[in-house]
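**Student:** From the sequence below, what's the structure:
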Amino acid sequence: MAVSPGEKRIHQIFRISVILKGLHALIEIGGGLIFYLVSARTVLDWVNLMTRDELVEDPRDFIATHLLDAAQHLTGATQSSYAWYLVSHGVIKLVLVAGLLRERLIAYPLSLVALGGFILYQLYRYSYTHSIGLILLTLFDLVVIALVWHEWRLLRRHLPVQ
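**Tutor:** As a prediction, the model looks like this:
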């Protein structure tokens with residue numbers, strides 16, 4: 001099967017984007033596990049330590065003030081909720097990434113559905129937080145969806161006829 005240089009490039013971009021999704025999934029799982037294992041008080045202490053110098057320099061620093069505010073409002077219930085969300089979200093993505101990298105046909109439509117669901121949730125969260133990070137993550141997810149769709153069509157086209 002001859003593949004054009006353009007298709008090879010798209011496939012390389014697809015693999016890189018899927019690997020990045022996998023790395024993001026590992027970070028989510030790690031963050032979720034930290035939320036499970038570390039108390040809300042300890043999280044607040046860490047955030048205070050990490051943001052102290054920045055807030056002394058600029059008391060209105062966007063990232064530091066938002067991070068500190070989030071840590072101050074962290075309770076046992078919200079911490080548990082965040083932990084569950086991060087771990088489950090990360091595990092789902094990790095399983096899909098493994099399937100995509102192994103070219104398992106079922107992983108493609110499942111990835112499209114899962115990423116679509118994640119996008120809907122991210123847009124819902126954006127309506128409350130107005131976080132530019134959620135918009136950037138959503139745009140990246142849209143690119144990954146397009147690449148997954150393209151790869152799925154290409155893979156199905158080259159399957160042996162049964």
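
**Student:** how far out from the middle of the chain is the helix or strand containing Lys8?
**Tutor:** If you go by DSSP states H and E, Lys8 is part of helix 5-37. Here helix 5-37 is found 8 Å from its chain centre; the criterion is CA atoms, centre = their mean, to the nearest Å.

**Student:** likewise stretch 111-128?
**Tutor:** Distance of stretch 111-128 from the chain centroid (CA atoms, centre = their mean) equals 11 Å.

**Student:** average pLDDT for the helix holding Lys8?
**Tutor:** If you average the pLDDT over helix 5-37, you get 92.

**Student:** Give the buried residues for that helix.
**Tutor:** For helix 5-37, burial by neighbour count (16 or more other CB atoms under 10 Å) applies to 10, 14, 17-18, 21-22, 24-25, 28-29, 31-32, 34-35. To be clear about C-beta, it is placed using only N, CA and C from the backbone, and glycine gets the same treatment.

**Student:** Equivalent analysis for stretch 137-147, please.
**Tutor:** By neighbour count on 16+ other CB under 10 Å, the buried set for stretch 137-147 is Leu137, Thr138, Asp141, Val144, Ile145, Leu147.

**Student:** SS state for the third one?
**Tutor:** On the three-state scheme (DSSP: H, G, I helix; E, B strand; the rest coil), Asp141 is labelled helix.

**Student:** re the thing from before, just the ones of the buried residues of stretch 137-147 in helices?
**Tutor:** Leu137, Thr138, Asp141, Val144, Ile145, Leu147 (DSSP state H).
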